[in-house]
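*Asks:* Below are the sequence and a predicted model for it; my questions follow.
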Amino acid sequence: MARDSGLNQAIEAAGGVGALARALGIAQPSVSSWARVPSDRVVAVEAATGVSRSMLRPDLYGGPADVAAVDPVDRARAEEYALLSHLLMTPPSAETLGQLARMRGDATAIGMAHLDLAAAAATADVAAVQSEYFSLFIGLGRGELLPYGSYYLTGFLHERPLARVREDLQALGIERSENISEPEDHIGMLFEIMSGLALRRFGADEAAERRFFERHLKPWATRFFIDLGSAKSGKFYRAVGQLGRAFMEIEAEAFSLAA
């Protein structure tokens, strides 16, 4: 099975199939089976290799010229969503922790959260963070937290909130990848979609972006990040929870003003 050019660039940048698999925290045969980067892995592969998502999946993210035309504020929002998506979908590699440790901040709520995340990354041990991720989101049977819209809104998995997400993804023309094991209401996947919407992908406008946020994230995402910020298994991820909470509060206020 031939690989597309974006996947080949990522493999070369990572130093081989095995190196890319290790950076993503998945088995080598999984990467070997790809013909192109699965949609739910684009953000993680971009973070691990430095190959832009527009090169990895131009069908989803378009070309660099499209990104350059997006308002700088929306580009910054897209990057924030992408960062959080990556940290919530897969445990960070040593390279990712190194990049996070170099983050800068300012006196704003988001800036302070960036500084806290940078400090947490600078002192984090990769193996410890991966163990923390397992305890939080996977666990033996289940993790401490269940990062799904259905669970937070109904107390059960695979309920009506998931069906609503699937309806809206179908309307946006976004298809589920065969390699995806998580339900589409996983917060990391929803954040990846929001990143694309902020960059005006999927042929959607600002009204569609606001509607997606208000239907699928506003009702529960802040509560999830509050729980993440105080989780017993958390240490590094407490800083992720603080950043996510600050970002969601700003997003909710901005969308309310826009409406």
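*Replies:* Thanks, I have the structure now. Numbering: from 1, shown residues only.
*Asks:* would you list every one of the helices in the stretch 51-200 of the chain?
*Replies:* Applying DSSP state H, counting those that start in this stretch to the stretch 51-200 of the chain gives helices spanning 53-56, 58-61, 64-68, 72-89, 94-101, 109-122, 126-137, 149-154, 160-172, 187-198.
*Asks:* who's in contact with the residue nearest the centre of the chain?
*Replies:* Centroid-nearest residue in the chain: residue 85, 1.1 Å away (criterion: Cα atoms, centre = their mean). Shown in contact with residue 85 (Cβ atoms under 8 Å, 6 or more residues apart in numbering): 43, 188, 189, 191, 192, 195. C-betas here are computed from N, CA, C, even on glycine.
*Asks:* Distance to residue 133, pLDDT and neighbour count for the residues you listed - can I get that in JSON lines?
*Replies:* As requested, these are exported to JSON lines (distance: Cβ to Cβ, whole Å; pLDDT from 0 to 100; neighbours: other Cβ atoms under 10 Å):
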{"residue": "43", "distance to residue 133": "16", "pLDDT": "81", "neighbour count": "28"}
{"residue": "188", "distance to residue 133": "11", "pLDDT": "95", "neighbour count": "20"}
{"residue": "189", "distance to residue 133": "16", "pLDDT": "93", "neighbour count": "24"}
{"residue": "191", "distance to residue 133": "16", "pLDDT": "96", "neighbour count": "26"}
{"residue": "192", "distance to residue 133": "17", "pLDDT": "91", "neighbour count": "27"}
{"residue": "195", "distance to residue 133": "20", "pLDDT": "92", "neighbour count": "24"}
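*Asks:* Of these, which is the nearest to residue 113?
*Replies:* Here the nearest of the contacts of residue 85 to residue 113, counting by Cβ to Cβ, is residue 191; it sits at 15.3 Å.
*Asks:* Find the nearest non-adjacent residue to the closest one, please.
*Replies:* residue 85 (3.8 Å; Cβ to Cβ, 6 or more residues apart in numbering).
*Asks:* Output the contacts of residue 85 in CSV; the columns should cover distance to residue 217.
*Replies:* As requested, these are exported to CSV (distance: Cβ to Cβ, whole Å):
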residue, distance to residue 217
43, 16
188, 12
189, 11
191, 8
192, 12
195, 12
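*Asks:* And the contacts of stretch 190-205?
*Replies:* 39-40, 42-43, 60-62, 66-67, 70, 74-75, 77-79, 81-82, 84-85, 88-89, 149, 165, 169, 172-174, 184, 208-209, 212-213, 216-217, 221.
*Asks:* I meant to write stretch 165-184 there.
*Replies:* 30, 34, 38-41, 60, 89, 148-150, 157-158, 162, 185, 188-190, 193, 202-204, 208, 211-212, 215-216.
*Asks:* Counting neighbours, which bits of it end up buried?
*Replies:* Within stretch 165-184, the residues that count as buried by 16 or more other Cβ atoms under 10 Å are 165, 168, 169, 172, 174, 183, 184.
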